[in-house]
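K.L.:
My questions concern the predicted model and sequence given below.
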Amino acid sequence: ESELQCDGNRSGHLQNGEPEFVAPVDEEVIRLIAAHLAEIGDKLDKDVQAKVVNDLLQHFLNQNLSEEEITRHMSRVVRELAQAMPADMEQEKVMLVLTMVLTKKIVNTVPSLLRRVFSTAVNFISQQLHNYVVEMVSA
């Protein structure tokens, strides 16, 4: 599978020094999904309280916590926030967008945490929401 980078380009994968065959992906569908998620994120961004962000931020700043412990805490925070959101959206979509919103807010507060926060968010999404993301892209 190819990966869509933040700038909209595809990352290249090499296998034995040769470009790996990548199945074609409808980039317009991916752009529409991204735009829709961004729109939802803007709405949810206002609902995420600074106290929640600061609490999660403290966990990221604690160097004694493993990535697994932080991922568990992030999972708990995302699930709690998702339960408080309107029920008219798919739970997985809300969780995905909340993860992105929390990541953005933490990195905007402490940019030096970018690598740790991004890695944790990707791990959380891979563990908890992988099937949902695959279904969204292949739909």
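P.N.:
Ah, there it is.
K.L.:
In a strand, residue 48, correct?
P.N.:
No. Under DSSP: H, G, I helix; E, B strand; the rest coil, residue 48 sits outside any strand and is assigned coil.
K.L.:
which non-adjacent residue is nearest it?
P.N.:
Excluding the flanking residues, the one nearest residue 48 by CB to CB, 6 or more residues apart in numbering is residue 101, at 5.7 Å. C-beta coordinates here come from the backbone N, C-alpha and C atoms, glycine included.
K.L.:
Helix, strand, or coil at that neighbour?
P.N.:
Residue 101 - assigned by three-state DSSP - is helix.
K.L.:
same question, residue 89
P.N.:
Assigned by three-state DSSP, the conformation of residue 89 is coil.
K.L.:
For the one helix or strand residue 106 maps to, C-alpha coordinates in PDB please.
P.N.:
For residue 106, the host element (DSSP states H and E) is helix 91-109. The C-alpha trace of helix 91-109 is given here as PDB (Å, rounded to 0.1, in the frame of the first residue of the first chain):
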ATOM      1  CA  GLN A  91     -17.800   6.300  16.900                       C
ATOM      2  CA  GLU A  92     -14.700   5.300  15.000                       C
ATOM      3  CA  LYS A  93     -14.800   8.500  12.900                       C
ATOM      4  CA  VAL A  94     -15.100  10.600  16.100                       C
ATOM      5  CA  MET A  95     -12.200   8.700  17.700                       C
ATOM      6  CA  LEU A  96     -10.000   9.200  14.600                       C
ATOM      7  CA  VAL A  97     -10.700  12.900  14.400                       C
ATOM      8  CA  LEU A  98     -10.300  13.400  18.200                       C
ATOM      9  CA  THR A  99      -6.900  11.700  18.000                       C
ATOM     10  CA  MET A 100      -5.900  14.100  15.300                       C
ATOM     11  CA  VAL A 101      -7.300  17.100  17.200                       C
ATOM     12  CA  LEU A 102      -5.500  16.100  20.400                       C
ATOM     13  CA  THR A 103      -2.200  15.500  18.400                       C
ATOM     14  CA  LYS A 104      -2.500  19.000  16.800                       C
ATOM     15  CA  LYS A 105      -3.300  20.700  20.100                       C
ATOM     16  CA  ILE A 106      -0.400  19.100  22.000                       C
ATOM     17  CA  VAL A 107       2.100  19.700  19.200                       C
ATOM     18  CA  ASN A 108       1.000  23.300  18.900                       C
ATOM     19  CA  THR A 109       1.600  23.800  22.600                       C
END
